[in-house]
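K.L.:
Below: sequence and its predicted model.
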Amino acid sequence: MKHHIAVYPGSFDPITYGHLDIIERGLEVFDELIVAIARNSGKQALFSIEERIAMIQRVVGNNRRVRVDTFDGLLVDYVVENNARVILRGLRAVSDFEYEFQIAQMNHTVKKEVETLFMMTSVPYGYLSSSIVKEVASLHGPIETFVPPPVREALEAKFAKKLP
C-alpha cells in the first residue's frame, strides 16, 4: 500500500484559517502533509521562522499526519527528498491561478515526477491572506475571525511592541 505525502509550501506569516482549511482538506486526500515554510522567500517576514513553526505546531496540535518543516532552494528538490510526489497549493481566486499555474508548469518541467494539486479555498476564506491579516492587526482591528487564538495573541504582541 502506498503512503501518499503532499507538501504544502508557503511563508505562513502568519498561518490563517484559510491555510488551516487547506491543511484539513488536504488530510482528506493525503496520508501525510508536510507544511513547508520557505526560508528564502523574497517576502519581508513579520515572524521569524522559529515563531512561524511554533504557531503552526500549536494550531495543528498533535496531529501525527502533519509535519512542519522549512526548506531552502528549489521546492521540487525538497518534495522529492521527502518522498512526496505532490505539491498542494490553495487558490483563492482566478488571479491566484495564473501565477500558480506558471510555477506548477516550471516545477513539472524541472521534476516530471512532481505534480501540483490546486485546492480551492472554502468560500469563507476566499478573500483571506496573511498580508491582509497583518495589515488589520497593525491597525489594531479585529482579527479573531481570520486566525486562531494563538496566532491572534502573537500578532497582538508583535504590534503592541511597535506602539510609541
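P.N.:
Perfect, I can see it now.

K.L.:
mind listing the strands for the chain?
P.N.:
Listed in chain order, the strands of the chain (DSSP state E) span 5-10, 32-38, 66-71, 86-91, 115-120.

K.L.:
tell me the contacts of Leu27?
P.N.:
By C-beta atoms under 8 Å, 6 or more residues apart in numbering, the contact set of Leu27 is 33, 63, 65-66. Every C-beta, even on glycine, is put in place using the N, C-alpha and C of the backbone.

K.L.:
Now with 7 Å, please.
P.N.:
By C-beta atoms under 7 Å, 6 or more residues apart in numbering, the contact set of Leu27 is 33, 65.

K.L.:
any idea how far it lies from Thr116?
P.N.:
Distance from Leu27 to Thr116, counting by C-beta to C-beta, to the nearest Å: 18 Å.

K.L.:
ditto for Arg58
P.N.:
For Arg58 relative to Thr116 (C-beta to C-beta), the value is 28 Å.

K.L.:
Look at those two and report which has more neighbours.
P.N.:
Thr116 (19 against 15; other C-beta atoms under 10 Å).

K.L.:
what about Val147, how many residues close to it?
P.N.:
26.

K.L.:
same question but for Val123, I mixed them up
P.N.:
There are 8 residues near Val123, going by other C-beta under 10 Å.

K.L.:
I'd like to know how far it sits from Ile87.
P.N.:
23 Å.

K.L.:
distance between the helix or strand bottoming out on mean pLDDT in the chain and the chain's centre?
P.N.:
Within the chain, no helix or strand scores below helix 94-110, which has a mean of 89 by mean pLDDT, DSSP states H and E. Remark: helix 94-110 is offset 16 Å from the chain centroid, using C-alpha atoms, centre = their mean, to the nearest Å.

K.L.:
Return the alpha-carbon coordinates of it using CSV.
P.N.:
Provided in CSV are the C-alpha atoms of helix 94-110 (Å, rounded to 0.1, in the frame of the first residue of the first chain):
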residue,chain,number,x,y,z
VAL,A,94,-8.7,33.3,-10.6
SER,A,95,-6.0,35.8,-10.1
ASP,A,96,-4.0,33.3,-8.0
PHE,A,97,-4.3,30.7,-10.7
GLU,A,98,-2.3,32.4,-13.4
TYR,A,99,0.8,32.8,-11.2
GLU,A,100,0.4,29.3,-9.6
PHE,A,101,-0.1,27.7,-13.0
GLN,A,102,3.2,29.1,-14.2
ILE,A,103,5.0,27.9,-11.1
ALA,A,104,3.4,24.4,-11.4
GLN,A,105,4.4,24.1,-15.1
MET,A,106,8.0,25.1,-14.2
ASN,A,107,8.1,22.7,-11.3
HIS,A,108,6.8,19.8,-13.5
THR,A,109,9.4,20.7,-16.2
VAL,A,110,12.2,20.5,-13.6
